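Engineer: no sequence on this one, just coordinates:
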């Protein structure tokens, strides 16, 4: 018991040291990926170190829950890969400790990390998210000149491009200002040059007040009255001080301050569950109001008395009612007026419904966002445990440590998770999938994979044996390898050429008889192939006898015979009769028409290949018999001939008796 505790501590230390390093690596990668979204907010803005530190601090706190699963995956894979590569995992299993017992300490750590991840998402993450976006908003509101970079044109202002050669963030002064303003076309543009200037936000935060000093204003005077002339007049103004009001929304408004706090990402789980009821009630009230308004105005029912409705029903049943009878009684002007009113009413109805539909869609999207964030807090924490049960068994299976193969496998697993999770979130947010389905699809897909890898690793199954998959692939598509028989350096017993020659003659006779009985060029009956059991025992016996002769002749010193042995094909003894050994698999394959057609054609191909292999065996047998006759003449052609060779005869009898016993 004490030894197992020491083992738990040892494995926990191995994992812990790797987790610290991999966590910072994963955190750095995620921060760099997230940084690209705000690279324009940082480069060339002259931000202070304090602002940059706050920016990266809040970003790091937001991304920590995403870094936990990837760090657990990579560190557990490397830890058990190192144990397997150094044969320590083999020693652990040899001591009678199962793989699940070795996982015990890390399972507890993974559960604790899942709890830490949930805490960060529920407590730290929402506050960091809120502070992060408030920092961005504060940068834009307090220092609008920070938005304009140095030494390059900035097109973030509507119909305006501004160039600033140098900025002084301490005083707020801009130097070397060049402004291009366009109101309609290139003929209406204005070019403003100034030595310096200062930029300030207006009270409503929707405009910028730009004060320019010592500059020139050049503006074209293109107008509608001069549209047919070739010359374009312009005016030039030299000023000492000039004030210009520029439109500057910058993607924010005063309502954005409240929107940050109302964002689901900036709320804890308790706050989300509390707000969901209010949001649901508000959405229902809006829906009821829209329905009531639509039924009372756009889709109201005409008030018809009982007698009138009975009369209309009778007219409709008789087929003599003309719905356009009232319209046909109108004159042309009245018809046009009626059609105009109808078109206006239809357009007004469509516009109103489109506006209400967009508003209702945004309300439901806002509600689904709260559902998504509530479920995400649990699924992201659960991913820590799932990634451990993927990484640790994979490390025990591949037995490769370091940052080579584990990093590649971790990246592939994380890419699969990221694609599933991102797709699920997008489809759930757009109401293409249900929220529960979209948010749990990555967990539902990866959890069975984790269970499969854990089961395989615990049972010492070979999952990543490339030779095994290669062999299965070759069997499915009918591929095969060639013989590679070389001369042995040490030969204990020389081959018995007389006995081998006798068996080769016997094999040749059986092959000729088999070829006459089985018409391999004829198509087999599909009913017998898929629905009748049975194997080709005769060809299996021939091949087994041939392999025994090849094994004995492989001890020869004659290079020519060795060359002939490599001409023998490796014969498939079952593929020409039916696709599978199991009867139920053959029946299912036969019932599924496309799959059955594939295996039927594959079987026909194997029958043709078997015919070609048998002909090749006959040719090779003749060559070996001719060559072996030089070592053991005369070649026995029957069992009676073997009786004249006492030693060979006894060996033949021993082999035959052994076959009968088997």
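Structural biologist: Yep, it's here. None of the values given here were measured: they were computed from a predicted structure.
Engineer: tell me where the stretch 51-200 of the chain has strands.
Structural biologist: For the stretch 51-200 of the chain, the strands defined by DSSP state E, counting those that start in this stretch occupy 153-157, 160-168, 173-181, 190-201.
Engineer: which stretches of the stretch 51-200 of the chain have low pLDDT?
Structural biologist: 138-147, 156, 169, 183-188 (pLDDT under 70).
Engineer: now the stretch 501-650 of the chain
Structural biologist: 533-535, 632-650.
Engineer: how about 80 then?
Structural biologist: 524-536, 573-591, 593-596, 598-599, 629-650 (pLDDT under 80).
Engineer: in it, which spans are helices?
Structural biologist: Taking DSSP state H, counting those that start in this stretch, the helices of the stretch 501-650 of the chain run over residues 526-531, 537-553, 559-565, 583-591, 593-628, 639-643, 646-661.
Engineer: residue 11 is nearest to which of those?
Structural biologist: Residue 11 lies closest, by CB to CB, to one member of the helices of the stretch 501-650 of the chain: helix 583-591, at 42.3 Å. Heads up, the C-betas are built off the backbone N, CA and C, glycines and all.
Engineer: what's near enough to touch residue 38?
Structural biologist: Each residue near residue 38 by CB atoms under 8 Å, 6 or more residues apart in numbering is listed here: 55, 136.
Engineer: redo that, cut-off 10 Å
Structural biologist: By CB atoms under 10 Å, 6 or more residues apart in numbering, the contact list for residue 38 reads 55, 59, 132, 136.
Engineer: among those, which ones are buried?
Structural biologist: 55, 59, 132, 136 (16 or more other CB atoms under 10 Å).
Engineer: and which of those is nearest residue 32?
Structural biologist: residue 59 (10.3 Å).
Engineer: surely that closest one touches residue 30?
Structural biologist: Yes - under the criterion of CB atoms under 10 Å, residue 59 makes contact with residue 30 at 9.1 Å.
Engineer: what's the farthest-apart pair in the contacts of residue 38?
Structural biologist: 59 and 136 (10.8 Å).
Engineer: distance check, the residue positioned nearest the centre of the chain against residue 410.
Structural biologist: The centre of the chain sits closest to residue 416, judged by CA atoms, centre = their mean, with a distance of 3.5 Å. Between residue 416 and residue 410 the computed distance is 11 Å (CB to CB, to the nearest Å).
Engineer: could you do residue 98 as well?
Structural biologist: Shown here: residue 98 relative to residue 410, a distance of 25 Å by CB to CB.
Engineer: and these two? Which one has more around it.
Structural biologist: Neighbour count, other CB atoms under 10 Å: between residue 98 and residue 410, residue 410 has more, with 25 against 12.
Engineer: next one: phi and psi at that one?
Structural biologist: Main-chain dihedrals, residue 410, degrees, to the nearest 10: phi -60, psi -40.
Engineer: and which of the contacts of residue 38 is nearest residue 574?
Structural biologist: For the contacts of residue 38, the nearest to residue 574 is residue 59 (61.9 Å; CB to CB).
Engineer: which residues touch that closest one?
Structural biologist: Counted by CB under 10 Å, 6+ apart, residue 59 has contacts 27, 30, 31, 34, 35, 38, 128, 129, 132, 135.
Engineer: ok, those vs residue 378, which is closest?
Structural biologist: Using CB to CB, the contacts of residue 59 come closest to residue 378 at residue 129, 17.8 Å.
Engineer: that closest one: what's it in contact with?
Structural biologist: 58, 59, 61, 62, 260, 263, 264, 265, 266, 267.
Engineer: mind putting these into a markdown table with distance to residue 286?
Structural biologist: Formatted as a markdown table, the contacts of residue 129 follow (distance: CB to CB, whole Å):
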| residue | distance to residue 286 |
| --- | --- |
| 58 | 34 |
| 59 | 36 |
| 61 | 36 |
| 62 | 32 |
| 260 | 23 |
| 263 | 20 |
| 264 | 19 |
| 265 | 24 |
| 266 | 24 |
| 267 | 21 |
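Engineer: now intersect those residues with the helices, please.
Structural biologist: Residues of those located in helices (DSSP state H): 58, 59, 61, 62, 260.
Engineer: out of those, which are buried?
Structural biologist: Burial by neighbour count, judged by 16+ other CB under 10 Å, picks out 58, 59, 61, 62, 260 from the ones in helices among the contacts of residue 129.
Engineer: could I get those residues as a markdown table with distance to residue 436?
Structural biologist: As requested, those are exported to a markdown table (distance: CB to CB, whole Å):
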| residue | distance to residue 436 |
| --- | --- |
| 58 | 30 |
| 59 | 30 |
| 61 | 28 |
| 62 | 25 |
| 260 | 27 |
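Engineer: pull the residues that contact stretch 12-32.
Structural biologist: Counting by CB under 10 Å, 6+ apart, 56, 59-60, 62-64, 66-80, 82-83, 88, 104-106, 108-110, 113, 388, 392, 401, 403, 406-407, 410-411, 414 sit against stretch 12-32.
Engineer: apply 7 Å and report the result again.
Structural biologist: 59-60, 63-64, 66-67, 70-72, 74-76, 78-79, 105-106, 109 (CB atoms under 7 Å, 6 or more residues apart in numbering).
Engineer: gap between residue 522 and residue 611?
Structural biologist: 11 Å.
Engineer: more crowded one of the two?
Structural biologist: Remark: of residue 522 and residue 611, residue 611 carries more neighbours, 16 against 9, as counted by other CB under 10 Å.
Engineer: count of residues packed around the spatially closest residue to that one that is not a sequence neighbour?
Structural biologist: What sits nearest to residue 611 in space, not counting adjacent residues and going by CB to CB, 6 or more residues apart in numbering, is residue 520, at 4.1 Å. Residues lying near residue 520 (other CB under 10 Å) number 17.
Engineer: before we move on, the earlier item: and the contacts of residue 59, which are buried?
Structural biologist: For these, a neighbour count by 16+ other CB under 10 Å gives the buried set as 27, 30, 128, 129, 132.
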